[in-house]
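Student: here is a sequence with its predicted model. Questions after.
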Amino acid sequence: MAEEKGSDILGRADRYFAKISGWLSERIAAFVAFLFLLFGAGAVYGAVVVPQFSNYGVYLLIAPLALALVAYYNRGAATILFAGLVLLFVV
């Protein structure tokens, strides 16, 4: 009986693992595409915006990193920044 109960727990864990891995595999492509989209947006930002304001070039390059740090430590700021990014891409 103990072996049957142990195998039932392992079977349940396997089912949960299969569900989670299926969910992740469906979304990994979208996540990677999103990362490359952000990388491309950063490249455009660095190539277009920074040279126009060469006096502030260092600050313009550091600004996204500072915003990332703020968003990492503050969920409210992260939500506002995310909404701003969505609006920026939509408009």
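Tutor: Good, I have the coordinates.
Student: burial count for residue 70?
Tutor: Using other CB atoms under 10 Å, residue 70 has 13 other residues around it. From N, CA and C alone the C-beta is placed, and that goes for glycine too.
Student: please, which helix or strand holds the nearest residue to it once chain neighbours are set aside?
Tutor: Among residues not flanking residue 70 along the chain, residue 77 sits closest, at 5.1 Å (CB to CB, 6 or more residues apart in numbering). Assigned by DSSP states H and E, residue 77 falls within helix 75-90.
Student: can I get that helix in PDB, CA atoms only?
Tutor: Backbone C-alpha positions of helix 75-90 (Å, rounded to 0.1, in the frame of the first residue of the first chain) are rendered in PDB as follows:
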ATOM      1  CA  ARG A  75       6.100  46.800  -8.400                       C
ATOM      2  CA  GLY A  76       4.000  50.000  -8.800                       C
ATOM      3  CA  ALA A  77       6.700  51.700 -10.800                       C
ATOM      4  CA  ALA A  78       7.100  48.600 -12.900                       C
ATOM      5  CA  THR A  79       3.400  48.600 -13.700                       C
ATOM      6  CA  ILE A  80       3.500  52.300 -14.700                       C
ATOM      7  CA  LEU A  81       6.600  51.800 -16.800                       C
ATOM      8  CA  PHE A  82       5.000  48.700 -18.500                       C
ATOM      9  CA  ALA A  83       1.800  50.700 -19.300                       C
ATOM     10  CA  GLY A  84       4.000  53.500 -20.700                       C
ATOM     11  CA  LEU A  85       5.900  51.000 -22.900                       C
ATOM     12  CA  VAL A  86       2.700  49.500 -24.200                       C
ATOM     13  CA  LEU A  87       1.400  53.000 -25.000                       C
ATOM     14  CA  LEU A  88       4.600  53.900 -26.700                       C
ATOM     15  CA  PHE A  89       4.400  50.900 -29.000                       C
ATOM     16  CA  VAL A  90       0.700  51.300 -29.700                       C
END
